[in-house]
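*Asks:* the following comprises the amino acid sequence and a computationally predicted model.
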Amino acid sequence: MATTTATNSKQRIVTQLLSSLGKRAKAGAAVDKPVLEQFIYAICREGASPADADAGYRALKDQFFDWNEVRVSSAQEIAETLQEHLAEAEVRALRIIDLLQEVFETTFSFDLDALIKKGAKPAAKQLSRYKAASDFAVAWVAQRCMDGQDLPLDAAGLRALDRLGLIDGAASDWETLQSALEHHVPKNKAPLFGELIGVVAEDFCWEADPNCARCPLSSVCSYVQDGKAALTAAPAKKPR
């Protein structure tokens, strides 16, 4: 009975998330990009809002002639292009250069679309071997290019999911977390769900002093129900 109750509770959270915030997401952003570009976009997107990731990625495309020019440029040049839009620009720049260098050395091109034929899980396994890979980036590419079911979750997304009660924050195994979510998130809603969790993390579920008073999920959130949240008036935007 307890398991059934917990399952029903999680399903209510997912349903409310999709219904109350569905119009605020940019689900499907970057869907038409080839595999390599999705990987690079994922490096920009991890730990950033969709708008900031879009701006950083667009700046990268506008500033450099092609991916080979990015590959042979210095990390400082890449970081200077990204830093107006994205935090940790230096780290992202190094990851992008590492990825392009490794892909070029192994394929003599900047094309990873052959991975699509392998299917989501084999492709994800191969992508994970790249030095620039992260769980978020691999899940992003597998979901967007190979119809994979894994959800790309960064630290902010995981924090929001833990507070909502959809995952156990103490669990560190990526596969365990993904498996737990698969039971509650329909595959065809996975991209939208991932984007909406990003909205929750960006607009309400801040690491310090979360904006629970304004969050549309407060009525079903475990963090609130457990009395950990302040439900007094809060600023509409995240304090800088």
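*Replies:* Structure received. These numbers were taken from a predicted model, which means no experiment stands behind them.

*Asks:* how about the least confident helix or strand in the chain by mean pLDDT as PDB, C-alpha atoms only?
*Replies:* In the chain, no helix or strand scores lower on mean pLDDT, DSSP states H and E than helix 2-21, which sits at a mean of 79. In PDB, the C-alpha atoms belonging to helix 2-21 read as follows (Å, rounded to 0.1, in the frame of the first residue of the first chain):
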ATOM      1  CA  ALA A   2       2.800   2.400   0.900                       C
ATOM      2  CA  THR A   3       4.500   1.800  -2.500                       C
ATOM      3  CA  THR A   4       1.200   2.400  -4.300                       C
ATOM      4  CA  THR A   5       0.700   5.700  -2.400                       C
ATOM      5  CA  ALA A   6       4.200   6.800  -3.200                       C
ATOM      6  CA  THR A   7       3.700   6.000  -6.900                       C
ATOM      7  CA  ASN A   8       0.500   7.800  -7.100                       C
ATOM      8  CA  SER A   9       2.000  10.800  -5.400                       C
ATOM      9  CA  LYS A  10       4.900  10.900  -7.900                       C
ATOM     10  CA  GLN A  11       2.500  10.600 -10.800                       C
ATOM     11  CA  ARG A  12       0.500  13.600  -9.400                       C
ATOM     12  CA  ILE A  13       3.700  15.700  -9.400                       C
ATOM     13  CA  VAL A  14       4.500  14.800 -13.000                       C
ATOM     14  CA  THR A  15       1.000  15.500 -14.100                       C
ATOM     15  CA  GLN A  16       0.900  18.900 -12.300                       C
ATOM     16  CA  LEU A  17       4.300  19.800 -13.700                       C
ATOM     17  CA  LEU A  18       3.200  19.100 -17.300                       C
ATOM     18  CA  SER A  19      -0.100  20.900 -16.900                       C
ATOM     19  CA  SER A  20       0.900  23.900 -14.900                       C
ATOM     20  CA  LEU A  21       4.100  24.800 -16.600                       C
END
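
*Asks:* for it, packing partners?
*Replies:* Under the contact definition 3 or more CB pairs under 8 Å, 6 or more residues apart in numbering; DSSP states H and E, helix 2-21 sits against helix 190-203. Where you see a C-beta, it was placed from the backbone N, CA and C, and this is true even at glycine.

*Asks:* and the helix it packs on, what does it pack against?
*Replies:* helix 2-21, helix 135-146, helix 155-164.

*Asks:* need those helices in a markdown table with distance to Ala79 and mean neighbour count, can you?
*Replies:* What follows is these, written out as a markdown table (distance: least, CB to CB, whole Å; neighbours: other CB atoms under 10 Å):
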| stretch | distance to Ala79 | mean neighbour count |
| --- | --- | --- |
| helix 2-21 | 33 | 14 |
| helix 135-146 | 18 | 24 |
| helix 155-164 | 21 | 21 |
